[in-house]
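In: no sequence on hand, only this structure:
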């Protein structure tokens with residue numbers, strides 16, 4: 001089982017990175033927040049989960065142990081696969097998800113593409129008392145944020161939104177946020193706007 005990955009960012013795609021370690025490139029699916037912070041040629045460290053299926057081995061990478069643990073708990077819920085679990089973690093971090101479960105806030109979960117009111121209620125019911133407490137002192141990857149709006153658009157498309165819709169929202173939030181706003185800030189603002197429109 002691969003539980004940690006450290007290496008150089010070799011390629012950045014819409015929903016994954018290729019991390020070069022000892023001459024081997026490993027494809028790792030990551031959240032948009034991690035994706036937009038990655039830089040070609042930069043060192044990166046990720047906590048990982050390997051999902052084994054009959055026809056595939058897929059690696060998922062996270063900035064913290066807490067994100068990784070939450071991902072693994074989400075996979076124990078009937079009807080939630082890796083893609084939907086990643087979408088949940090992309091829209092809300094582990095702390096926000098835990099708060100939504102504690103407060104029985106189904107509306108917060110419906111911001112995630114593919115989750116409606118019924119699904120949100122079921123997730124809340126199944127996740128009660130299952131989410132791990134946040135890891136207090138686990139270091140995350142060293143990432144510096146910056147870059148263009150296209151990375152944010154690509155990340156949103158990877159999460160399931162249509163490209164024209166993603167481009168329009170990113171353009172709007174970029175105007176409001178100003179020229180100094182990093183891609184992480186733009187991504188979070190865009191997800192908030194798109195979630196409110198559902």
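Out: Here it is on my side, so go on. Since this is a predicted model, take the numbers as computed values, not measurements. Numbering: from 1, shown residues only.
In: ok, residue 46 to residue 97 distance?
Out: Note on residue 46: its distance to residue 97, by CB to CB, to the nearest Å, is 20 Å. C-beta: built from backbone N, CA, C; applies to glycine.
In: more neighbours: the two, which one.
Out: Neighbour count, other CB atoms under 10 Å: between residue 46 and residue 97, residue 46 has more, with 27 against 24.
In: give me the phi and psi for the more buried one.
Out: Dihedral pair for residue 46: phi -130, psi 140, per degrees, to the nearest 10.
In: please apply the same query to the one 5 residues further on.
Out: Main-chain torsions, residue 51, degrees, to the nearest 10: phi -100, psi 120.
In: hey, what's it bridged with?
Out: residue 58 (DSSP bridges).
In: how about the strands of the chain, start to end?
Out: Shown for the chain, the strands assigned by DSSP state E span residues 4-12, 16-21, 24-30, 43-53, 56-62.
In: find the residue at the geometric middle of this protein.
Out: For the chain, the residue nearest the mean C-alpha position is residue 31 (2.5 Å; CA atoms, centre = their mean).
In: give the contact list for that residue.
Out: Taking CB atoms under 8 Å, 6 or more residues apart in numbering, we find residue 31 in contact with 62, 63, 67, 86, 89, 90.
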